[in-house]
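1. coords please:
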Amino acid sequence: MLRWLAILGPGVIASVAGDDAGGVGTISAIGARYGYELLWVLMLLTVSLAVVQEMAARLGAASGRGLLDLVRERFGIGWACVAVVVIVLANAGIVVTEFAGIAAAAELIGVTRWVAVPVSALLIGGTVLFGTYHRVERVFLLMTLVFLAYPLAALIAHPDWSEVVHGALVPTLRGNPQYLLLLVALIGTTITPYQQLFQQSAVVERGIAARHYADERIDAYVGAILGNLIWAFIIIATGATLHAAGITDIQSAAEAAKALEPVAGRAAETVFAIGLLGASLLAGGVVPVATAYSASEAFGFRKGVGLDFRRAPVFYGLFTVLLASGAAAALLPGIPLISLLIAVQTLNGLLLPVVLAFLLLLACDRRLMGSLRNTPVQSALGYLTLAAVTLADVALLVSNA
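-> Below is the predicted model of the structure:
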């Protein structure tokens, strides 16, 4: 058991951090509106997420470098700059939504946002600024335990498990724009660029050598399965309660938690709120770190949680700015969170095919990867994922035209 726990690290953190506040709201809306109908899509996306995250980890182990460092070297500073600009803008918006999720979850359990948000920012900042990489990794892993709230919420909801199995195994398709939009949103919240960026950079900082990569592959696969199991439990919890009660219009995770109380009781609301708080805290730490990794790699600056501020000023400076500005913005009244979420998802959706294309091209490079280069099966699954994500982006753009 101790050996298995020692294996877990970047893969679990990256995939579970993708279950953030915006994602919880999106998945709750899917469960409330369509019940278990999209569980079969989640099953397919679990395979895609596992392939993509494992590829990012393998690229980090084989090259010893982060993704944007390799992009700058192989494809030029222009592509690296474009990626950095979009990453920083999109992730800055995500950080705001994470702290808004912390505020909403804290108020659901009786803590004012004026205490919860600053304290959370200080705790996250202090952990990263003053901790070693391995200490920060362990703190992030401990934070993933809070996600056990969602399986508990699903059990409290008392779903019809035969209907759950039917939704997971029998494909259901609809032609209306609302269904298409939520289908695209499900893809976008399951595979997001900062997950791959964090996974690869964290593997590099962890010091995983190519000859010791086997354990890291397990970490990547376990993380992908665990991350999407959490999504499945949220769909089950909201499908068994809100959808069954006819409450189909959910705009945020906080609304989903509030709506659970009259349907499934106060315990369900509290458990859901605790899960939202944990999700927001973890992503509130991972997203600024992933962004700082990427910007530093693109321009050749020193980076790493194991360094101090003097040796990595750009890395820690960007991390601090993102954390502080995100917390401050979340406390401002009247922030259009829904509009912000849509804009952030659009940016991430447009960036994801670019990140996936770079991953595939680099992971197939024999000179760079050596014995860890993509197999034909890995390449085929990777390109299928790229094609599916690109088609989803096109469908989203056409539906909003």
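2. quick one: low-confidence parts of the stretch 201-350 of the chain?
-> 251-254, 258-265, 334-343, 345-346 (pLDDT under 70).
3. the helices in the stretch 201-350 of the chain, which residues?
-> 214-238, 253-264, 266-298, 313-331, 337-363 (DSSP state H, counting those that start in this stretch).
4. would you mind finding the most buried of the ones you listed?
-> helix 266-298 (a mean of 26; mean count of other C-beta atoms under 10 Å). Bear in mind the C-beta positions are built from the backbone N, C-alpha and C, glycine included.
5. in a markdown table, list the helices of the stretch 201-350 of the chain along with distance to Leu145.
-> Compiled in a markdown table, those are given as follows (distance: least, C-beta to C-beta, whole Å):
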| stretch | distance to Leu145 |
| --- | --- |
| helix 214-238 | 11 |
| helix 253-264 | 19 |
| helix 266-298 | 8 |
| helix 313-331 | 22 |
| helix 337-363 | 26 |
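6. of those helices, which is nearest Ser63?
-> Ser63 lies closest, by C-beta to C-beta, to one member of these: helix 337-363, at 7.8 Å.
7. now the helix or strand just after that closest one: buried residues?
-> For helix 337-363, the following helix or strand on the C-terminal side (DSSP states H and E) is helix 366-369. By 16 or more other C-beta atoms under 10 Å, the buried positions in helix 366-369 come out as 368-369.
8. what helix or strand does the closest residue to Leu242 other than its chain neighbours sit in?
-> Spatially, and ignoring its direct neighbours in sequence, Leu242 is nearest to Ala32 (4.0 Å; C-beta to C-beta, 6 or more residues apart in numbering). Ala32 is located in helix 21-34, with elements delineated by DSSP H and E.
9. packing partners for that helix?
-> helix 77-108, helix 177-190, helix 214-238, helix 253-264, helix 266-298, helix 337-363 (3 or more C-beta pairs under 8 Å, 6 or more residues apart in numbering; DSSP states H and E).
10. can you redo these as JSON lines with distance to Thr127?
-> What follows is these, written out as JSON lines (distance: least, C-beta to C-beta, whole Å):
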{"stretch": "helix 77-108", "distance to Thr127": "15"}
{"stretch": "helix 177-190", "distance to Thr127": "25"}
{"stretch": "helix 214-238", "distance to Thr127": "20"}
{"stretch": "helix 253-264", "distance to Thr127": "24"}
{"stretch": "helix 266-298", "distance to Thr127": "7"}
{"stretch": "helix 337-363", "distance to Thr127": "24"}
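11. so for Ser48, which of these sits nearest?
-> helix 177-190 (7.8 Å).
12. just want the angle from the closest one to helix 214-238.
-> Note on geometry: by axes from the mean of the first three to the mean of the last three C-alpha atoms, to 10 degrees, helix 177-190 and helix 214-238 are set 150 degrees apart in direction.
13. show me the contact partners of helix 177-190.
-> 18, 22-23, 26-27, 29-30, 33-34, 38, 41-42, 45, 48-49, 173, 227-228, 231, 345, 348-349, 352, 388-389, 392-393, 395-396, 399 (C-beta atoms under 8 Å, 6 or more residues apart in numbering).
14. give the buried residues for it.
-> Quick answer for helix 177-190 (16+ other C-beta under 10 Å): 179-180, 182-190.
15. try stretch 69-77
-> 69-72.
16. among those, which are in strands?
-> Taking DSSP state E, every one of the buried residues of stretch 69-77 sits outside strands.
17. can you add distance to Asp215 and pLDDT and give these back as TSV?
-> Formatted as TSV, these follow (distance: C-beta to C-beta, whole Å; pLDDT from 0 to 100):
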residue	distance to Asp215	pLDDT
Asp69	24	89
Leu70	23	90
Val71	27	89
Arg72	29	89
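18. sorry, back to before: now the helix holding Ala32: buried residues?
-> 21-34.
19. and the pLDDT for the residue nearest to Leu242?
-> Listed pLDDT for Ala32 reads 86.
20. what sits against the residue lying closest to Trp231 once chain neighbours are set aside?
-> Once flanking residues are discounted, Trp231 sits nearest to Ile27: 5.2 Å by C-beta to C-beta, 6+ apart. Going by C-beta under 8 Å, 6+ apart, Ile27 touches 186, 189, 231, 234-235, 238.
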